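Undergrad: next input, structure requested:
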Amino acid sequence: MKDILIITSYFPPEIGAASNRIFQLADGLQKRGFNVNVLTPLPNYPTGKIFKDYKGKFKHISVENNITVNRLWIYASNSKNKLLRLIAMLSYSFSLVWFFIWHKVPKTVIVQSPPLLVAFTCLFFLRKKKRNLILNVSDLWPIAGLELGAFKKNFSYKMLERIERYNYKKASLVLGQSEEILTHVTSLFSKKRTFLYRNFPEFDPPEIVKGTTTHKKLKVVYAGLLGIAQGIYKLCQELDYNDIELHIYGSGAEQSKIEDFLSNHPELPVFYHGHVTREELHGLLVQYDVAIIPLLNRIYGSVPSKIFEYARLGLPMLYFGGGEGESIIEAHKLGWVAKSGDYNNLNKVISKINTFSAEEKRSIQKEALVHFNFSNQLEKLKPLL
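TA: Here you go, the predicted structure:
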């Protein structure tokens, strides 16, 4: 049985695409004969506070789904203050170095990036011994940070670019969740080995049954992080509600702003349902007509994992984020696309949406089962580990 270590900044019980993606990778490898260990901080995302069951602990070790999970100390923070965020990353990096000193590290290590600094710590301290260092890149930083307005092109940005290049250089293999990520990596290191590793889900797809539509308004749903990148607060302000109602599930940085907005506009058909588990969400989503996938700004390299999850549910999508995700929606006929950042175009597209029949939803689901297949993808990756 081959040992493999996965180092990540996010892991369940934390929520969001990042933790789901890494858990699924770890679980998939474990089920295929690997002895999987995970290194991750004490749970704190997205609240920026250590979860109740882990408070007061310097570390925590558990076996979950036959995976050994080592949770390390971190100075948790989700502050907008860049210094505090840096301290949080440095604290986890320090814990990782301490772990490397006192524990045997296997030959194959998968490192999640971003955060860049955490990935740099791993690749720098593990580089000397002959290891298969695999960098799993889910977003392109610092480029994404620049597009989101979090960074400016100054000395700090140039330092992050140098760290980014170092990480790619030292990695034996780079996994990228989008073609744009792999294109960027090979533009810097043309001979670098790369592998397209999408965030495909693996759960039993629900049976789609014929139903009768009793509601007059189009029921639009958003489910996920209520962060700055998703722009749900602005979405609530810009939608034309004449023929639709919006349902929101999730939590995050914009939650309080959204709740205040809804409190001040009780006349709007917008309903916030709070945070529910992923399993509960799957059962709830099928009652809606269309799921909206927005990004406040087009982010190079980003492909929201919701695309693949919703497709497996047979749920039609309205994509509002540009880039590669837009191409996937169109190529696989998964729903509709609105021009990124253009809310007038978004409302125009929504006004022309007709609800999908059960047969059309089954077509979406079939497309997902064939083209977004987690098992097939992992089997192609296994020989590279």
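
Undergrad: pLDDT weak spots in the stretch 101-250 of the chain?
TA: 129, 211-215 (pLDDT under 70).

Undergrad: ok, which stretches of it are helices?
TA: Assigned by DSSP state H, counting those that start in this stretch, the stretch 101-250 of the chain shows helices spanning 116-125, 143-148, 155-170, 179-188, 232-238.

Undergrad: other SSEs contacting the second one?
TA: Applying 3 or more C-beta pairs under 8 Å, 6 or more residues apart in numbering; DSSP states H and E, we find helix 143-148 packed against no helix or strand. The C-beta positions use only the backbone N, C-alpha and C, and glycine is treated the same way.

Undergrad: what of the last one?
TA: With contacts defined as 3+ C-beta pairs under 8 Å, 6+ apart, the packing partners of helix 232-238 are strand 244-249, helix 255-264, strand 290-294, helix 343-351.

Undergrad: so which of these is the most surrounded?
TA: strand 290-294 (a mean of 23; mean count of other C-beta atoms under 10 Å).

Undergrad: returning to what we had before: now the helices of the stretch 101-250 of the chain in a markdown table, with distance to Gly301?
TA: Output for these, formatted as a markdown table (distance: least, C-beta to C-beta, whole Å):
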| stretch | distance to Gly301 |
| --- | --- |
| helix 116-125 | 14 |
| helix 143-148 | 7 |
| helix 155-170 | 12 |
| helix 179-188 | 4 |
| helix 232-238 | 21 |
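
Undergrad: which one of those lies nearest to Tyr92?
TA: Tyr92 lies closest, by C-beta to C-beta, to one member of those: helix 116-125, at 6.0 Å.

Undergrad: so which bits of the closest one are buried?
TA: Residues of helix 116-125 classed as buried: Leu116, Leu117, Val118, Ala119, Phe120, Thr121, Cys122, Leu123 (neighbour count, 16 or more other C-beta atoms under 10 Å).

Undergrad: got the angle between it and helix 155-170?
TA: Relative orientation of helix 116-125 and helix 155-170, computed by axes from the mean of the first three to the mean of the last three C-alpha atoms, to 10 degrees: 40 degrees.

Undergrad: begin at 38 from here
TA: Yep, numbering from 38; the last one is helix 153-162 now.

Undergrad: kindly export helix 153-162 (C-alpha atoms) in CSV.
TA: The C-alpha atoms that make up helix 153-162 are tabulated as CSV, following Å, rounded to 0.1, in the frame of the first residue of the first chain:
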residue,chain,number,x,y,z
LEU,A,153,1.0,30.5,-2.1
LEU,A,154,3.0,30.9,1.1
VAL,A,155,1.8,27.6,2.6
ALA,A,156,2.6,25.8,-0.7
PHE,A,157,6.1,27.5,-0.8
THR,A,158,6.8,26.3,2.7
CYS,A,159,6.0,22.7,1.8
LEU,A,160,8.0,22.7,-1.5
PHE,A,161,11.0,24.5,0.1
PHE,A,162,11.3,22.2,3.1
